[in-house]
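In: need the 3D shape of this:
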Amino acid sequence: MKQRAWLACLAVLAGFFGILPAQAAEGVVNLYSARHYESDRALYEQFTKETGIRVNVVSGKAPELIERIRREGENTQADVFITVDGGVLHTARKAGILQPMPSGAFATEVPGNLRDRDNYWVGLTTRARVIVYSKDRVRPEELSTYEALTDARWKGRVLVRSSADLYDQSLLASLIVVDGYEKAEKWAAGIVANMARQPRGNDRAQAKAIAAGEGDVAIMNTYYIGQMMHSKDPEEVRVAKNTGVFFPNRKTSGTHINISGAGLTKFGKNRDNAMKLIAYLVSVPAQEALSNGNYEYPVNPKAKKHRLLEEWGAFKTQQIDFSLLGENNPHAIRIFNKVGWK
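Out: Numbering: from 1, shown residues only. Presented below is the predicted three-dimensional model:
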């Protein structure tokens, strides 16, 4: 049923974009991606099986890929650019490496707040940046907001990543939008004052530090907990089961979410195939595969979430334009440097 639904969706899109049916069974699409997940690779292989279009993937860090596409100009082989973080998608647009998609493209699959307002990119998944806590030492009713983590009760108990981490840069950029620059700076300084240790490691390392008793709460992306909960490493499973997930700011501005997204490159040579690939990635079967494979939230409201995400329940989300994460990124970095968030 899911495959037939996808093929029907492809047929509709083919008519909408003027794609000849014969073209769906031949050719290639060149993807430059800053996402590095097995679930993504499996989807590209499935896309090739269903359409005959081969997906050539060039992987790398987003800034390097953006610069490469920009430098290659009209000679680039890239047809699609995929990355995590709304701020980076904004940076890609500002760098002039993307072209707008047709007006209304994917409007039925992806809500407007998860698409660029001028159609330069479309969301693929979202993830929430939450407070993860020790089930042994913290009661969930003690938690409320990101801002409350600066209270004296959390002194020596907060675990975070380095200020070089894009996820925390975007979190702070969002707080600049929500609370204003001065309050955002005060928040960052308060977190520094309450740190359990100097920032180090990725999100998994923060959860492991909670389990080791180095701190009691950490700021993490939800999908890391999902990955650890279903890890082949028994220690990671143990750590995940002993930590709770709390969605902050439920009664105020909402929990910070970030996005993975895709855009057409400005000088891509395989535009029709690129549109087919993006259409596939936002289809219900692919969205459910991404959620089940990487514990991210689907952007397509018709897709079912992984059962773990369902168990965590619904939550209020920040309602800000993702482009503001990019515009405020330099300000966030300036604040981190000023307050000593290393």
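
In: convert the longest strand seen in the chain to CSV, retaining C-alpha atoms only.
Out: Longest strand in the chain by number of residues (criterion: DSSP state E): strand 122-134. Output in CSV follows, covering the C-alpha atoms of strand 122-134 (Å, rounded to 0.1, in the frame of the first residue of the first chain):
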residue,chain,number,x,y,z
VAL,A,122,12.0,22.4,2.3
GLY,A,123,12.2,20.7,5.6
LEU,A,124,12.8,16.9,5.8
THR,A,125,12.8,16.2,9.6
THR,A,126,12.8,18.1,12.9
ARG,A,127,14.5,17.4,16.2
ALA,A,128,13.9,19.1,19.6
ARG,A,129,16.6,20.4,21.9
VAL,A,130,15.5,19.3,25.3
ILE,A,131,16.6,18.9,28.9
VAL,A,132,17.7,15.4,29.7
TYR,A,133,17.9,14.6,33.4
SER,A,134,18.9,11.9,35.9
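
In: would you mind pulling the contact partners of the next helix or strand after it?
Out: Remark: after strand 122-134, the chain's next helix or strand is strand 158-159, criterion DSSP states H and E. Strand 158-159 has contacts (CB atoms under 8 Å, 6 or more residues apart in numbering) with 149, 191, 194-197, 206, 209-210, 214-219. Where C-beta positions appear, they are placed from N, C-alpha and C, glycine not excepted.

In: gap between strand 158-159 and the chain center?
Out: Relative to its chain's centre, strand 158-159 lies at 22 Å (CA atoms, centre = their mean, to the nearest Å).

In: then stretch 233-252?
Out: Computed by CA atoms, centre = their mean, the separation of stretch 233-252 from the middle of its chain amounts to 18 Å.

In: tell me where the stretch 51-200 of the chain has helices.
Out: For the stretch 51-200 of the chain, applying DSSP state H, counting those that start in this stretch gives helices covering 62-72, 86-94, 166-179, 181-194.

In: returning to that earlier point: now, which of the contacts of strand 158-159 sits nearest residue 332?
Out: Closest approach between these and residue 332, by CB to CB: residue 191, at 12.6 Å.

In: can you read off the pLDDT for that closest one?
Out: For residue 191, the pLDDT comes out at 98.

In: got it, and residue 138?
Out: Residue 138 is given a pLDDT of 98.

In: same thing with residue 249?
Out: On pLDDT, residue 249 comes in at 97.

In: I'd like to know how far residue 327 sits from residue 93.
Out: Distance, residue 327 to residue 93, using CB to CB, to the nearest Å: 11 Å.

In: and these two? Which one has more around it.
Out: Legend: neighbour count by other CB atoms under 10 Å for residue 327 and residue 93, higher for residue 93 (21 against 16).

In: nearest to residue 52, of the helices of the stretch 51-200 of the chain?
Out: helix 62-72 (25.8 Å).

In: list the contacts for residue 312?
Out: By CB under 8 Å, 6+ apart, residue 312 lies in contact with 222, 245, 247.

In: mind doing that once more with 7 Å?
Out: Residue 312 makes contacts with residue 245, as judged by CB atoms under 7 Å, 6 or more residues apart in numbering.

In: repeat that for the one 3 residues further on.
Out: Residue 315 makes contact with 247, 250, 255, according to CB under 7 Å, 6+ apart.

In: out of those residues, the closest to residue 340 would be?
Out: Closest to residue 340 out of these is residue 255 (26.2 Å), distances taken as CB to CB.
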